[in-house]
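Participant: sequence? don't have it. structure:
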């Protein structure tokens, strides 16, 4: 059964007063709403290194951008400020170690933005915008660059950007005092037409890439801004001909299991990993709804949640840390267009 766990959900909406960031507690199998912070088009969430600040992509007063919140001792949120992007909407963000910079990926505009942070966690300003160029072979989705992930590498030396539109991971040298150097990017080409979407760093030298268009997970060797592919595993059954695209990738706390999601073939795929790049698919189970946009292990390590974007619900599972199996536990939450599940 569940221990107490606090986590956060976004609800995406352009005009509903229900759009924003929700705080939930799970206590002995009961789900309790603990807080709500309004934010239209609330999308992706990330935390500062110390867990005291939460940053969200979203919009206010008709402008797209990023919002800063303080995380209170009881887990609720206090709004700090909002910084317009002066551009289209962001799809992913990350707060850099050192507390001075926030990064966000803009899928629609094909660029990456660097924001400076004040000492109290507020967003002080938009410091830099780096435009990606190029295209890929899938005309409908790769007509131009589409950054879909930003994350600091384990050595704290680079900002890594997964670009779905150009089939590349681009790394920019990073310094916690001065930010990124966009003059000397390091590019790692990925398989043609795969559409890189999300990266998960498991160890200093091993990372995993979810490909949206390829519907695969790639294990990769990382070194000094470079990524090289080790293995590839499909997220779809062998003769599956449905229109599907991968969306989320999470790892268990002990690093033994990955869970990836399919949208279209609405399912969760559990992958056992050996820590050296080896992967083995061990379970495929339905997500409980339509289009699982995000999933996550919950803080107790034995609970798992799947956010189904187009059926407006979150399904909960028991997770067996020994076998990696996900078992539906009957808990379900009705929730407006959930896009992200996060906890500190």
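Facilitator: Thanks, I have it. A quick note: this is a predicted structure, and the numbers were derived from the prediction, not measured.

Participant: ok, the closest residue to residue 253 other than its chain neighbours - contacts?
Facilitator: Nearest residue to residue 253 in three dimensions, chain neighbours excluded: residue 301, at 5.2 Å (C-beta to C-beta, 6 or more residues apart in numbering). In this view, the C-beta of every residue, glycine as well, is placed from N, C-alpha and C. The neighbourhood of residue 301, defined by C-beta atoms under 8 Å, 6 or more residues apart in numbering, consists of 252-253, 319, 321.

Participant: out of the residues you listed, which is nearest to residue 28?
Facilitator: Taking C-beta to C-beta as the measure, residue 28 lies nearest residue 319 of those, at 17.1 Å.

Participant: the residue nearest to the closest one when sequence neighbours are not counted - how many residues pack around it?
Facilitator: Nearest residue to residue 319, sequence neighbours excluded (C-beta to C-beta, 6+ apart): residue 304, at 4.6 Å. Using other C-beta atoms under 10 Å, residue 304 has 24 other residues around it.

Participant: which residues are in contact with residue 304?
Facilitator: For residue 304, the contacting residues are 259, 295-298, 316-319, 326, by C-beta under 8 Å, 6+ apart.

Participant: swap in 6 Å and give it another go.
Facilitator: Contact analysis of residue 304 by C-beta atoms under 6 Å, 6 or more residues apart in numbering lists 297, 317, 319, 326.

Participant: for residue 243, same thing?
Facilitator: When contacts are counted by C-beta under 6 Å, 6+ apart, residue 243 touches residue 264.

Participant: how far away is it from residue 266?
Facilitator: Using C-beta to C-beta, to the nearest Å, residue 243 is found at 12 Å from residue 266.

Participant: restricted to buried residues, select the contacts of residue 301 in PyMOL.
Facilitator: Per 16 or more other C-beta atoms under 10 Å, the buried members of these correspond to this PyMOL selection:
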select buried, resi 252+319
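
Participant: of all the contacts of residue 301, which two lie farthest apart?
Facilitator: 253 and 319 (10.1 Å).

Participant: pLDDT weak spots in the stretch 101-250 of the chain?
Facilitator: Within the stretch 101-250 of the chain, no range satisfies pLDDT under 70.

Participant: please report the distance of the residue nearest to residue 253 from residue 202.
Facilitator: Distance from residue 301 to residue 202, counting by C-beta to C-beta: 16 Å.

Participant: do the same with residue 288
Facilitator: In terms of C-beta to C-beta, residue 288 sits 27 Å off from residue 202.

Participant: one more: residue 289?
Facilitator: In this structure, residue 289 and residue 202 are 28 Å apart, going by C-beta to C-beta.

Participant: ok, now residue 333?
Facilitator: Residue 333 sits at a distance of 29 Å from residue 202 (criterion: C-beta to C-beta).

Participant: what's the answer for residue 86, then?
Facilitator: Residue 86 is 36 Å from residue 202, by C-beta to C-beta.

Participant: the two: which is more packed in?
Facilitator: The neighbour comparison of residue 86 against residue 202 (other C-beta under 10 Å) goes to residue 202, with 19 against 11.

Participant: excluding its backbone neighbours, what's nearest that one?
Facilitator: residue 255 (5.5 Å).

Participant: next, count neighbours for that neighbour.
Facilitator: Applying other C-beta under 10 Å, we find 13 residues neighbouring residue 255.

Participant: still on that earlier bit, between the contacts of residue 304, which sits nearest residue 7?
Facilitator: Minimum distance to residue 7 across the contacts of residue 304 is 9.9 Å, recorded for residue 297 (C-beta to C-beta).

Participant: mind listing the residues bridging to the closest one?
Facilitator: Residue 297 has these beta-bridge partners by DSSP bridges: residue 304.

Participant: tell me, how many residues neighbour it?
Facilitator: 23.

Participant: okay, it and residue 305: tell me how far apart.
Facilitator: Residue 297 sits 8 Å away from residue 305 when distances are taken as C-beta to C-beta.

Participant: okay, helices next: where are they in this protein?
Facilitator: Here the chain has no helices by DSSP state H.

Participant: as a quick check, tell me the outermost residue of it.
Facilitator: Farthest-out residue of the chain from its mean C-alpha position, per C-alpha atoms, centre = their mean: residue 239, at 28.5 Å.
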